[in-house]
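> sequence plus predicted model, see below.
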Number of protein chains: 2
Amino acid sequence: MNEFARVAGSDALAFARILANDHIADIVEALNGEPHDVAAELLAEVPFERLVEIFDKPELEAAPELVAMLPRARAGKLLAAMSVDRAADVLRELAEPARSEVLGELSPAVRATLLSILGYPEHSAASIMTTEYVSVPPDWTVGRTLDYIRKVERTRETIYAIYIVDPRTQELLRALSLRRLITGNSDYRILDVAPDRTPVSATPLTDREDVARQMSKYDLLALPVVENGRMLGIVTVDDIMDAMIEETTEDVHRFGGMEALDEPYMKMGFLPMIGKRGGWLCALFLSEMLTASVMQHYEVELEKAIVLTLFIPLIMSSGGNSGSQATSLVIRALALREISLADWWRVALRELPSGLMLGTMLGLVGVARITLWQHLDLYDYGPHWHLIAATIGVALIGIVTFGSLTGSMLPFALKRLGFDPASASAPFVATLVDVTGLAIYFSVALVILRGTLL
Amino acid sequence: MNEFARVAGSDALAFARILANDHIADIVEALNGEPHDVAAELLAEVPFERLVEIFDKPELEAAPELVAMLPRARAGKLLAAMSVDRAADVLRELAEPARSEVLGELSPAVRATLLSILGYPEHSAASIMTTEYVSVPPDWTVGRTLDYIRKVERTRETIYAIYIVDPRTQELLRALSLRRLITGNSDYRILDVAPDRTPVSATPLTDREDVARQMSKYDLLALPVVENGRMLGIVTVDDIMDAMIEETTEDVHRFGGMEALDEPYMKMGFLPMIGKRGGWLCALFLSEMLTASVMQHYEVELEKAIVLTLFIPLIMSSGGNSGSQATSLVIRALALREISLADWWRVALRELPSGLMLGTMLGLVGVARITLWQHLDLYDYGPHWHLIAATIGVALIGIVTFGSLTGSMLPFALKRLGFDPASASAPFVATLVDVTGLAIYFSVALVILRGTLL
């Protein structure tokens, strides 16, 4: 890549040599390391066929910007030659007026296909599908199908999945693998070689995570997208791999309490990054302000028993930790379809004893800590130290139980309301449990310490 | 699945019919819903060929237990017929004495292959590779290769990737796709049809996440595993998809502060689950106890200015939130190889101004909150309320900056020490930042409030 950067712009011949020998993925990586104008200059030298291959890689970061820098006619030709799903991706992010101008260069048929894909919501199966798949009528033979595949191979995103489609109704009848095809007798009817069952398929609105699960479950290299029995396109395994890597990134960022970055960390502008992080931090900060209100409410008690304040951070964090444990468990089980929305009460019945048990464990450790410190003269909690220990112990049981229950139920609630459970649960569970944890703590203290410290 | 459960055990004929028509994945799902003894009974009726297909699915949860329940000779025959990577998976979890006994049933060659795969660490490329791939000598023609593939198809995990291997040295020379092969002229030498470059490959110890990244980058359906130039096996895309789903689960559980569950949430025994959660909760609880020590250290100040305690939860959580943001950013960037270990100072140089800016934002909101409450008579922070506001504001700048820096550096430190950065960072960053956050808060208070409140 360094060598590539060195020759870039200076020695077009050397560049051409690298272009001819390197993996497309490596060329894309090298282009990603260049400023947009240098990349555009380099791409001007590239033969059209190679250009298409380069833009077909979803890893090319500045694809929309680079397309916008091309002459409109060449941009139109490029989009028409690219795989449909990638072309739709580029169009989605292409700024106006380039977008309308490039669309104007396309043939009506290509334009209609692209606009129909663009009409589907992000992360849906249809938004990442391609219409470039192999379909054949049911009366063809194996041999004829193979000949056909050899002919159209260059224009199809995959040829490893072959779909038998009714030419009149576009109904998807059967699916078979190339593996099955090439081992079949070439005179047999393709319908007799294909497995005798309805193909697994997705609807246009199926979430891409579900598409991934289906493909993984049935070991497919492509999943057909079907609406009202009509076949619309396929999602291929390499697009799904890319989508999964992106989803994992989003989940991790969301768990960390921020909007997912859509650009690499080191490449992202400073201010956009502050924006993605600052918004969430401020939202969480504003909700956490409720803790100050709770504390103000118990100010009289705090003044009487300053020793109570010593354990506030410990109590709060225990609630938060148990809550985020339960949240992560339930989010993942929901994502893997191990449980469904209707199972909420089953989960609640599991988390209640779990929370009680985990809370009791922590409570005992807390009581042991206070007893030990008191007896070893490490700290003097006063004459009522055993009551304070009891307060901490009981409060921990209550808070961990509450945290586990809240943490496990919130993903259900978010999902029920139509949100992605992964998108907001973890940090908000922590905030919710912090606020209620304080209230639980002080309530327990009021009951146990009344007449002595309070 | 319900229908399946109903007929199970009672009507072997109906079961046989389902077996014949359903997707293997659906049969596996149904078997997963049965107790082990019922599943074993049902499997006793299954023709051997189908049995192999069922056990080849990684989704079959009780595979080791079910193999242990088979007569040893049948178990040995089954393992020998299964795909090598799956057989190794089953053996890995097979309890003694079943393990040794089943190994004794295998031919020396199969046993040696399986034991060599078992010798590689979990999550390595070699541990999920299969040795059942298509390899041909460089002097074969396209036609001969195709004939060969048709013949060996049934015993290969994939035939979509074909490897040209020196028959003497086992050196991997070239790789090509079936796509390329079937469109090639059948008289051409295969070496002339294959792309003229060294194939992308992994070493036996490459982490499976890196294998996934490579396959996604180069759009491969299989990645060869090569050691000292010799080809050992391949990792296929469906194994990698399964591995990625598992990795995501592990990451989410780790982020939630617990050991990853290796069984579905609803199926896991109560006590094992408490064990996986309780250990981490206790570890975090013990570290958080340091907050109590910090608080005890500042007890005198707390008694003098009880108003300071009101903001402790708010201050702590802001530090924790900014820390986990930075951690999630860096973990993900490291996982995607956007940054490497050597970039730590670049990240630090980015997180320092980010933390200062985010801290200033939160600080201003905090100051505004106190000023507003004071002026609206919602709460009386006393005559020195502006000094308290200043304390909160300055402390937030310090804590958020510290949180962002610590959170971004810890994954580097963990990785440097050989740990998986995702495995522990998030909850421990929160704990670390909680403890130091309190110290920062009280130090700021001592400086600003000295002579007035303190």
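Right, received. Where do you want to start? Numbers count the residues shown, from 1 in each chain, chains lettered A, B, ... in the order given.

> not counting residues beside it along the chain, what's closest to whichever residue of the stretch 301-450 of chain A sits closest to chain B?
Of all residues in the stretch 301-450 of chain A, residue A:328 sits closest to chain B, at 2.5 Å by Cβ to the nearest Cβ. Placement of C-beta: from N, CA and C, glycine included. Setting aside the residues directly before and after it, residue A:328 is nearest to residue B:256 in space (Cβ to Cβ, 6 or more residues apart in numbering or on different chains), at 2.5 Å.

> and what of residue A:393?
Closest to residue A:393 by Cβ to Cβ, 6+ apart is residue A:363, at 3.8 Å.

> now do the strands in chain A.
A:134-136, A:161-165, A:172-177, A:222-227, A:230-236 (DSSP state E).

> can I get those in a markdown table including mean neighbour count?
Written out in a markdown table, the entries for the strands of chain A read as follows (neighbours: other Cβ atoms under 10 Å in any protein chain shown):
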| stretch | mean neighbour count |
| --- | --- |
| strand A:134-136 | 21 |
| strand A:161-165 | 23 |
| strand A:172-177 | 20 |
| strand A:222-227 | 24 |
| strand A:230-236 | 24 |
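
> distance to residue A:80 and mean pLDDT added to those, as a markdown table?
Putting the strands of chain A into a markdown table (distance: least, Cβ to Cβ, whole Å; pLDDT from 0 to 100) gives the following:
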| stretch | distance to residue A:80 | mean pLDDT |
| --- | --- | --- |
| strand A:134-136 | 20 | 94 |
| strand A:161-165 | 23 | 95 |
| strand A:172-177 | 26 | 94 |
| strand A:222-227 | 21 | 94 |
| strand A:230-236 | 17 | 92 |
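
> JSON lines for these, including distance to residue B:193?
Formatted as JSON lines, these follow (distance: least, Cβ to Cβ, whole Å):
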{"stretch": "strand A:134-136", "distance to residue B:193": "21"}
{"stretch": "strand A:161-165", "distance to residue B:193": "22"}
{"stretch": "strand A:172-177", "distance to residue B:193": "22"}
{"stretch": "strand A:222-227", "distance to residue B:193": "24"}
{"stretch": "strand A:230-236", "distance to residue B:193": "23"}
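
> want to throw these into TSV with distance to chain B?
Listed next are the strands of chain A as TSV, based on distance: least, Cβ to the nearest Cβ, whole Å:
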stretch	distance to chain B
strand A:134-136	11
strand A:161-165	11
strand A:172-177	9
strand A:222-227	11
strand A:230-236	9
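
> I'd like to know which of the ones you listed is closest to residue B:188.
Of all the strands of chain A, strand A:134-136 sits nearest to residue B:188, with 23.4 Å by Cβ to Cβ.

> counting by contacts, list what the closest one packs against.
helix A:142-152, strand A:161-165 (3 or more Cβ pairs under 8 Å, 6 or more residues apart in numbering or on different chains; DSSP states H and E).

> okay, and for chain A, where does confidence drop off?
Across chain A, the ranges flagged by pLDDT under 70 are A:1-21, A:423-425.

> care to break it down by domain?
The record assigns chain A these domain ranges, following automatic domain parsing: A:2-119, A:134-237, A:270-449.

> the residue nearest to residue A:328 and residue A:322 touch, don't they?
No: contact criterion Cβ atoms under 8 Å: residue B:256 and residue A:322 do not qualify, at 9.9 Å.
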